[in-house]
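Trainee: Here is the input, now give the coordinates:
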Amino acid sequence: MHQKAVFALAGVFLIVALVVPTVVLILQTQTLQEIVIQNIPGHETRYNVTTTEQILGTVNSVYAIVVAVETVFIVLFAITIYYGINHVHPTHTRPER
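Mentor: Residues are numbered from 1 along each chain as shown. Have a look, this model is predicted:
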């Protein structure tokens, strides 16, 4: 792979790492608004779970997903940048230090 392609791939990883959390958190806000509108806070919903506990469970799940996705794509970004900087194309030679 040429360096331009490697850096383009790194850019894609960076864009995904920056966009996904924003989209997920916006979708989470919409879901939480629906939960609050449908249920009066403090009343029991399904399985003897209060609305507050349901909201906290949803928030914790979403944060865990966002952290996992962020970690994976930031690591992929770092790896591709490192590879792009240190990659020597077979037709080129590495400059002597």
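Trainee: Packing partners of the host helix or strand of Thr80?
Mentor: Assigned by DSSP states H and E, Thr80 belongs to helix 51-86. Contacts defined by 3 or more C-beta pairs under 8 Å, 6 or more residues apart in numbering; DSSP states H and E place helix 51-86 against helix 3-38. Using the backbone N, CA and C atoms, a C-beta is placed for each residue, glycine as well.
Trainee: Show me what counts as buried in the helix it packs on.
Mentor: Going by neighbour count (16 or more other C-beta atoms under 10 Å), the buried part of helix 3-38 is Val6, Leu9, Ala10, Phe13, Leu14, Val16, Ala17, Pro21, Val24, Gln28.
Trainee: which among those residues gets closest to Thr71?
Mentor: Closest approach to Thr71 among the buried residues of helix 3-38 (C-beta to C-beta): Ala17, at 9.1 Å.
Trainee: any idea how far His87 is from that closest one?
Mentor: For Ala17, the distance to His87 (C-beta to C-beta, to the nearest Å) stands at 21 Å.
Trainee: sorry, back to before: how much distance is there from the helix holding Thr80 to the middle of the chain?
Mentor: 4 Å (C-alpha atoms, centre = their mean, to the nearest Å).
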